[in-house]
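A.B. asks: structure, please.
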Amino acid sequence: MSEPTFDDRKMSFGAAAASYAAFRPGFPPEAARWILAAGTRPVVDVADVGAGTGAFTRVLAGLGLRVEAYEPDPGMLDELARGLQDVPRHLARAEHLPLGDESVDAVTAAQAWHWFDKPAAAVEFRRVVRPGGVIGLLWNIRDDRVAWMGAMSDIVDGEDSMRASRVDALAEIRAVHPEVERADFAHTVAMTPEDIVRLSSTFSYVRLRPDAADVYAALRELLATHPETRGRDLIDVPYVCATYRIARP
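C.D. replies: Numbers count the residues shown, from 1 in each chain. I've put the predicted structure just below:
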């Protein structure tokens, strides 16, 4: 069976945009506040890049910021529009933003940086951020220190965004953003067992597999039998929000 390629996965999310919006976790507001605190100018205008269905866009808007969403997948952008009608949105890639030089106070990318041409995106982000502004990168990572979550990761057997490079993720980002800082924010999301299965269908490395149905069946069996999850109508799904900020001098 052939495995989906990186390019197959990169633009596959639009077909699952509604599920992505329904079942992917949100982001803790304290992670956003930590990013913004690195700015030495008032942060008002924010470009949320690779915005997807708007999970982090919503957090930024909730903080009272003037945020605009940039996303290359039309299906994801349409889903964002349904949930965030008042947020301006643009069909655009991270490497070519339709923004002038030094035109925003912050650029953010949540659950998206790993899909970009990183050196090109780093140059573009620095171009559009005003002096004293900030760049923020975030990932929700499944907390495999919790036993049932580790077992789930063994079943879905994929990258989980930064899973394949968690140990050296900071070094990889530092290669293009030398002044990067990192902080982690733990949070949980309460989900039904079936919602967790549907969550796994939003992982491109699961959804595009020829044996995806077998993965879903194995996950249902795990949730029905694991001592930490069996018999529970709602399960706390643990995440660590790995958060990186880069201040622009």
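
A.B. asks: contacts for the helix ranked longest in the chain next, please.
C.D. replies: If you go by DSSP state H, the chain has its longest helix at helix 212-225. Contacts with helix 212-225, where a contact means Cβ atoms under 8 Å, 6 or more residues apart in numbering, come from 148, 151-152, 155-156, 193-194, 196-197, 200-201, 206, 209, 229-230, 235. Placement of C-beta: from N, CA and C, glycine included.

A.B. asks: just the buried residues of these.
C.D. replies: Burial by neighbour count, 16 or more other Cβ atoms under 10 Å: within those this picks out 148, 151-152, 155-156, 193, 196-197, 200-201, 206, 209, 229, 235.

A.B. asks: least confident of those?
C.D. replies: Minimum pLDDT for these is recorded at residue 209 (80).

A.B. asks: secondary structure class of that residue, three-state.
C.D. replies: Secondary structure, DSSP: H, G, I helix; E, B strand; the rest coil: residue 209 is coil.

A.B. asks: in CSV: the buried ones among the contacts of helix 212-225, plus secondary structure and distance to residue 221.
C.D. replies: Listed next are these as CSV, based on DSSP: H, G, I helix; E, B strand; the rest coil; distance: Cβ to Cβ, whole Å:
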residue, secondary structure, distance to residue 221
148, helix, 12
151, helix, 10
152, helix, 11
155, helix, 9
156, helix, 13
193, helix, 11
196, helix, 12
197, helix, 10
200, helix, 13
201, coil, 16
206, helix, 16
209, coil, 17
229, coil, 11
235, strand, 15
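
A.B. asks: before we move on, back to that, mind listing what's buried in the longest helix of the chain?
C.D. replies: 212, 215-216, 218-219, 222-223.

A.B. asks: sorry, back to before: max pairwise distance over the contacts of helix 212-225: which two?
C.D. replies: Greatest spacing in these, by Cβ to Cβ: 209 and 230 (25.8 Å).

A.B. asks: correct me, but residue 27 touches residue 138?
C.D. replies: Yes - contact status for residue 27 versus residue 138: in contact at 6.0 Å, counting by Cβ atoms under 8 Å.

A.B. asks: quick one: common contacting residues for these two?
C.D. replies: 56, 110, 241.
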